[in-house]
Every structure is written in structure tokens, then in C-alpha cells.
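In: Attaching a predicted model along with its sequence, questions to come.
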Amino acid sequence: MAAATLGLQSCEDYFDLDENPNLVNNPPLATMLSTTTQKTGLNSQRVAAVTSYFVQYLANPSAGGSTDTYQVTDYTSTWDALYLAMADIYDMKQKGLDEGATDYVGVADILMAYNLSLVADMWGDAPYSEAFINTTLTPGFDSQEELYNTSLQLVDEAIAELAKTDSKVTLSEEGDLIYGGNKANWIKTAYALKARFLNKVSQTAAYDPEAVLSAVENSYTSNADNATMAVFETRNPWATVALNNEQLVLGGWLSEQLIQQLNGTTYGVFDPRITQITDTTITGTYVGTPNGVGNVGSASNTVHDESYISLNSPLTADEAPLIIVSYPEVKLIEAEAALRAGQTERAYEAYLEAIEASMELLEVDDDAAEEYLTNPAVAVGAGNLTLDLIFKEKYVVTYLNPEAWNDARRYDYQYAGFTLPVGADLGTFIRRVAYPQGETSKNPNTPESPVLSESLWWDQ
């Protein structure tokens, strides 16, 4: 099924210039659902494969890596994957509207909102309102704030569509690679994304913590609600990175920043989640790679003396699911919004619940989890909870998730011990990426790329 879904592409978007006889011209909704849900999960990983260097989850094993050091880099393949997914989502929504399949329309709105947010959070202004119509091959660019408002509108529309009880076609259990046709969970995800979007504007006058909390209350209640995708052609793409690294096609090296937060160096508290994220080195320790410096172990790269993405992790094993949104993340959104709203007890309860749920998700030993949760540096009490502690925990919870870069920018990269990569091309932390060459070469409406240190509209 996964192999079949990979072959389906939209016939009605500005990427497809020729008729492809191998494409299905009128696929059923169930098949379109499998295509769009799989592509959405894979796009989450594709974007994270870029942004995880910016937030120093990953580090290049060679000195001066382009993504590591904020060089202008061409991410055409990522841009194209996002737009091809959105074209398929657009087609599924149109077919859903034609067939009175309100369930599919609602899911399409959620998937579109998520993929569109990935585009806007990487590049800023981007095509949307003209992108999926057959009247132009060179669509105009909507502003980044317009794209944000569109994403919010889409999740609200999704909630309204999924609340209807007269859908002419019910969600396919086999075709839905995220929730297996569970409409209730899709509604929860719409609210989870709404909470995420509303919380992202915490540095603007539009921020409303009560609205964030209202969305949280209608979203996830446990890890069972998490939005995940686990159908792959061969294996989880992070597992492919780990496997390639074992075969000396180097990649997936963990940053010194992440490792030192987890192993107790930065905060003086050993976080047992490290045991479920990576493996120990040949000396039984955890060693990260400094961003921009490259390998600091053996020159041959053949000795396991630094820490890498692990095939033994519940997050990056062969069949591990890709996490789009999780319950621990939602609880930390709640903790932040509640703290900003002056609801300290609620904030603290959500903070502790997020850590506990994260430990559960990573299958951490119960005793080790309890030891961490009761450590005085973690169990600080409601009166001592700070945004710094919330962002510290969220940094671990969003490991290898694109949302981590949004948090880093909102937090102005103020994580303890966080420093610029060695040899960085910018004098400050990266805030955006340059428009891809594939788009600039074919669409004259593509704006000039700003310097990569220029903030997006919500990152002020």
C-alpha cells in the first residue's frame, strides 16, 4: 500500500507540466487519504532533517557543514515535497466537496494547515491562494501573516466539517495512515494544532493565552491521541539515517548541546530519556558533536566514540512512528500559556504531566523517570516554575520535530549553554531559510531572499 501511495501525484498543480500516463486520474477518496496522510508524516521528517541542525539536535560530522553553520542552502526538494503534498490535499478536498464527504474535507483542512505552516515557518511568504488553480504556472506569494491566518482558518473549518454527522463517505480505516479513520482523534488534532499556532505568536500583540488554553482543553488527553504516521516504503527515515551512519555514510550525529543537556553537564541533572534517544559510546558515556566543528573523536570515524541517532530508540527505530503532534507537547503549550495567564498551579501540573507523558512515550524505566521527576531541580513547585524550565523540557519533548525551531526562535535561543556554531556565516542565530533555486528559477514572483538572520513576522 505504501509503495502504491508513493506513486500518486496531483494532476492539477503548477508542478505538473505534462500528462503522466502512470498516474491515476480519478483515484478514490480512500487512496487519496493514504497518499496525503503518508506525505504529511514524511514532510514532518523532511523539514526536521533541516531544522534539527538549527536547534542543535544534530551536528554535521564534518567541520563547516552548510546547514550547521547557517550558509545559504538550497532546499528545493523540501519545498517541492511540501507543495506536492498540498496539491494532493487540495485535490482530496475538492473531491470531498464534490461527493459530500465532509469527513474528508475536514481532514484535508487539517493536513493543509499543517503543511502550509511548515512552508511559512521556513520561508515566510509563499504561494497559496493561487498555487492550486489551473490559471497560472507562476502563482503570487501570500504574506507570511496571511499564511498564518489561513492555517488558523483551516483548522477552524476542519473542526466544523468534522462535527457534521452527514458525511456521504466515512473515513477509510485502511487509507488513514495517521488515525485509522478515527474522526474523534482528528478533531483533537485540529485543536492541538490550533493551540500550537496560537501559542506561536507569544511575542506579538495578538497573543491570547486564554484562547490557547481553550484549544488545549479540546485536544489530547493522553499519548494515545498523538498524531503519528508509521507506514514506510522500507523503514522510518530516521532509521535510514542511523543505518547509513553505521555503514559509514555519515549522518545523524547528535549535537553537543542536546547531549550535554541530557547527560547532566548543563543542568546537573541526568535525564534518563537520553537512554531511549541514543546509545552510549565505546567508553559507556554520551558524547555530542559541536556544531560547526565536526567529529571530535577518532579521525577514521570508524569508532563509536560519539552519540548518534539510534536504531534502538522508540523514536528512530525501523518501525517507529513519525510524531507530528504529541500529548507531551500539548501539555507544555498548556504550561506556557497558563503561566503567562497567571495560572501558576495549572501551569505546574501541566509541566509535570508533560514530563511524565514524555517518559512514558519514550518507554523510560519507571524508577528512573520518578527519580528525575522528583529531583529538586525539576520538581520546583508551582511558585518557582519559570518559562525557562518549560522551554528546557519542551526542547527534549520536541526532539526531531520541526516545531522545535519555532520554539527556539520565540525563546531567542536562550537555552542554557546554547552558542553559535563554530564558523557560523551569521553573527546571530538563524531565523529563516533562503528561497529554493527550483522556485526562483521558474517563478518570477519569488521574492528576493532576505538575510537568514531576518525574523519572521511572529518572531520579534
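Out: Yep, that arrived.
In: what about the residue nearest to Arg340 when sequence neighbours are not counted, neighbour count?
Out: Closest residue to Arg340 apart from its sequence neighbours, by C-beta to C-beta, 6 or more residues apart in numbering: Pro209 at 4.6 Å. C-beta here means a position set from N, CA and C on the backbone, and glycine is covered the same way. Neighbour count of Pro209, defined by other C-beta atoms under 10 Å: 19.
In: Hmm, Pro209 is touching Ala335, no?
Out: No - in this structure, Pro209 is not within contact of Ala335 by C-beta atoms under 8 Å, at 11.0 Å.
In: Lys331 is in what secondary structure piece?
Out: In this structure, Lys331 sits in helix 327-340 according to DSSP states H and E.
In: which other helices and strands contact that helix?
Out: On a contact count with 3 or more C-beta pairs under 8 Å, 6 or more residues apart in numbering; DSSP states H and E, helix 327-340 meets helix 183-200, helix 209-217, helix 344-361, helix 387-397.
In: Can you say which of those is packed in most?
Out: Most buried of the helices and strands packed on helix 327-340 by mean neighbour count (mean count of other C-beta atoms under 10 Å) is helix 183-200; its value is a mean of 23.
In: which strands and helices sit next to that helix?
Out: Counting contacts by 3+ C-beta pairs under 8 Å, 6+ apart, helix 183-200 packs against helix 102-123, helix 144-163, helix 209-217, strand 227-229, strand 322-325, helix 327-340, helix 403-410.
In: if I've got this straight, Val241 is in a helix?
Out: Yes - under DSSP: H, G, I helix; E, B strand; the rest coil, Val241 sits within a helix.
In: And it, how close does it get to Glu233?
Out: Noted for Val241: a distance of 15 Å to Glu233, by C-beta to C-beta, to the nearest Å.
In: How about Ile178?
Out: In terms of C-beta to C-beta, Ile178 sits 17 Å off from Glu233.
In: Among the two, which residue is more densely surrounded?
Out: Using other C-beta under 10 Å as the criterion, Ile178 and Glu233 rank with Ile178 on top: 27 against 12.
In: Now name the helix or strand holding the nearest residue to the more buried one once chain neighbours are set aside.
Out: Closest residue to Ile178 apart from its sequence neighbours, by C-beta to C-beta, 6+ apart: Thr37 at 4.6 Å. Assessed by DSSP H and E, Thr37 sits inside helix 29-54.
In: Can you list the low-confidence ranges for the protein?
Out: Filtered on pLDDT under 70, the chain yields the residue ranges 1-24, 299-301.
In: Nearest residue to the middle of it?
Out: In the chain, the centroid-proximal residue (C-alpha atoms, centre = their mean) is Pro402; its distance is 2.9 Å.
In: For that one, list the residues it contacts.
Out: Contacts for Pro402 (C-beta atoms under 8 Å, 6 or more residues apart in numbering) come out as 44, 47-48, 51, 118, 121.
In: same thing with Trp405?
Out: 51, 54-55, 121.
In: Confirm for me that Leu58 is in contact with Leu254.
Out: Yes - counting by C-beta under 8 Å, Leu58 touches Leu254, with 6.5 Å between them.
In: Of those two, which one has the most company?
Out: Leu58 (29 against 26).
In: OK, contacts around the residue nearest to that one when sequence neighbours are not counted?
Out: Nearest residue to Leu58, sequence neighbours excluded (C-beta to C-beta, 6+ apart): Ser52, at 4.5 Å. Ser52 makes contacts with 58, 400, 404, as judged by C-beta under 8 Å, 6+ apart.
In: would you turn those into TSV with distance to Phe429?
Out: Below are the contacts of Ser52 laid out as TSV (distance: C-beta to C-beta, whole Å):
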residue	distance to Phe429
Leu58	16
Leu400	19
Ala404	13
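In: between these, which is nearest Val201?
Out: Using C-beta to C-beta, Ala404 is the member of these that lies nearest Val201, at 17.2 Å.
In: quick one: that closest one from Thr31, how far?
Out: Taking C-beta to C-beta, one finds Ala404 at 33 Å from Thr31.
In: Specify which residue of these two has the higher count of neighbours.
Out: More neighbours surround Ala404 than the other of Ala404 and Thr31, with 23 against 18 (other C-beta under 10 Å).
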